[in-house]
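**Student:** here is a sequence with its predicted model. Questions after.
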Amino acid sequence: MPSALTPGTLHIVSTPIGNLEDVTYRAVRVLRDVDLIAAEDTRRAARLLDHYGITTRRISLHEHNESRRTGGLLARLAEGQTMAMVSDAGTPLISDPGRRLARAALDAGFRVEAVPGASAVLAALVTSGLAEDAFTFAGFPPARSKDRKQWYAEVASEPRPVVFFEAPHRIRASLADLETVNASRTVAVCREMTKLHESLVVGPIPDVLAELQNPRGEFTVVLARGPVSGPPAEVPAGADLLHEFGLLTESGLSRRASIRSLASKYDLPSRRVYQAIESARGRH
């Protein structure tokens, strides 16, 4: 028999990312036995809780009220109550609210325990065929195209696969910006993972964009490590580099981000790209 929950403990509970069967026995037990469940959206949490007959009291905890509610939740822990925190799907605190409460609970000396489970990040990585021994998780790209291009220029130089989330109404524009920065990279776009209409598209960015005509649902994207397999890209002459540099800056990238993008594309040090561009301009 599992032991009783330790008084004054905050449990960070992972919940399914789609399929309700992807919840652990331990998660169900903890959610049933705690005194209070802090949920990002109590209505969305109700679908899982009602499915498993869990009647524990719930309270909302989201980005707009977390600062205001943290003090009261800490007071409950001080009284010896047990608490679970859940997000809308997957593992809380990863691009979700809850970090402020978890940090405050640790700082106050309360016990914080993880109840592991589903993660869209890992699910996308292992199904994409692009997994390596290490990877980088980057959250959500910026909403504005100009900022997003600079963000992509930075992650494009990452030597490991990069996993990130994107909203359905931005996925096509986002991938188009990624194509502007580094069209040669392979991406995997995972949609509605573990759900009835789960889909996966893997390939060069232009091909993936052609497949995403009517994007709906939740998207997790994996950007492959380095360029697609094949011979290294031929380093162009300085004048050609200058031309590409001009196209990137005209598209909204900063000078620095454009140089980083070219350095990543041709596997060159950024300084060498800069010197080639300046030489082509006639500035020695």
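**Tutor:** Received it, and whenever you're ready, just let me know what you need. A quick note: this is a predicted structure, and the numbers were derived from the prediction, not measured.

**Student:** start and end of stretch 116-134, how far apart?
**Tutor:** 20 Å (CA to CA, to the nearest Å).

**Student:** so for stretch 132-143, what gets flagged as buried?
**Tutor:** Neighbour counts over stretch 132-143 (16 or more other CB atoms under 10 Å) mark 135, 138, 141 as buried. C-beta: built from backbone N, CA, C; applies to glycine.

**Student:** ok, residues contacting it?
**Tutor:** 94-95, 121, 125, 148, 151-152, 155, 158, 160-167, 170, 174, 225 (CB atoms under 8 Å, 6 or more residues apart in numbering).

**Student:** circling back: with the buried residues of stretch 132-143 in mind, which one is nearest to residue 27?
**Tutor:** Residue 27 lies nearest to residue 135 out of the buried residues of stretch 132-143, by CB to CB, at 24.7 Å.

**Student:** for the nearest residue to that closest one once chain neighbours are set aside, what are phi and psi?
**Tutor:** Excluding its sequence neighbours, the residue lying closest to residue 135 (CB to CB, 6 or more residues apart in numbering) is residue 161, at 4.5 Å. Phi and psi for residue 161, reported as degrees, to the nearest 10, are phi -60, psi 150.

**Student:** try residue 190
**Tutor:** Dihedral pair for residue 190: phi -100, psi 130, per degrees, to the nearest 10.

**Student:** ok so, going back, JSON lines for the buried residues of stretch 132-143, including pLDDT, distance to residue 243 and secondary structure?
**Tutor:** Formatted as JSON lines, the buried residues of stretch 132-143 follow (pLDDT from 0 to 100; distance: CB to CB, whole Å; DSSP: H, G, I helix; E, B strand; the rest coil):
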{"residue": "135", "pLDDT": "95", "distance to residue 243": "34", "secondary structure": "coil"}
{"residue": "138", "pLDDT": "94", "distance to residue 243": "29", "secondary structure": "coil"}
{"residue": "141", "pLDDT": "96", "distance to residue 243": "27", "secondary structure": "coil"}
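
**Student:** in CSV: these, plus distance to residue 50.
**Tutor:** As requested, the buried residues of stretch 132-143 are exported to CSV (distance: CB to CB, whole Å):
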residue, distance to residue 50
135, 35
138, 34
141, 34
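
**Student:** per-residue pLDDT, residue 26?
**Tutor:** In the predicted model, residue 26 carries a pLDDT score of 97.

**Student:** burial check on the residue nearest to it when sequence neighbours are not counted, number of neighbours?
**Tutor:** Distance criterion CB to CB, 6+ apart; nearest residue to residue 26, sequence neighbours excluded, is residue 115 at 5.7 Å. By the criterion of other CB atoms under 10 Å, residue 115 has 22 neighbours.

**Student:** and residue 119, by the same measure?
**Tutor:** Neighbourhood size, residue 119 [other CB under 10 Å]: 18.

**Student:** need phi/psi at the closest residue to it other than its chain neighbours.
**Tutor:** Among residues not flanking residue 119 along the chain, residue 91 sits closest, at 5.0 Å (CB to CB, 6+ apart). With angles defined as degrees, to the nearest 10, residue 91 sits at phi -90, psi 120.

**Student:** if we can go back for a sec, okay, and the beta partners of the residue nearest to residue 26?
**Tutor:** residue 13 (DSSP bridges).

**Student:** distance of it relative to residue 92?
**Tutor:** 10 Å (CB to CB, to the nearest Å).

**Student:** what is in contact with these two at once?
**Tutor:** With CB under 8 Å, 6+ apart as the test, residue 115 and residue 92 both reach 12, 13, 14.

**Student:** OK, contacts around the closest residue to the first one other than its chain neighbours?
**Tutor:** The one in question is residue 12. Distance criterion CB to CB, 6+ apart; nearest residue to residue 12, sequence neighbours excluded, is residue 114 at 4.9 Å. When contacts are counted by CB under 8 Å, 6+ apart, residue 114 touches 11, 12, 14.

**Student:** one more pass at 10 Å, please.
**Tutor:** For residue 114, the contact set (CB atoms under 10 Å, 6 or more residues apart in numbering) comprises 11, 12, 13, 14, 91, 92, 93, 102.
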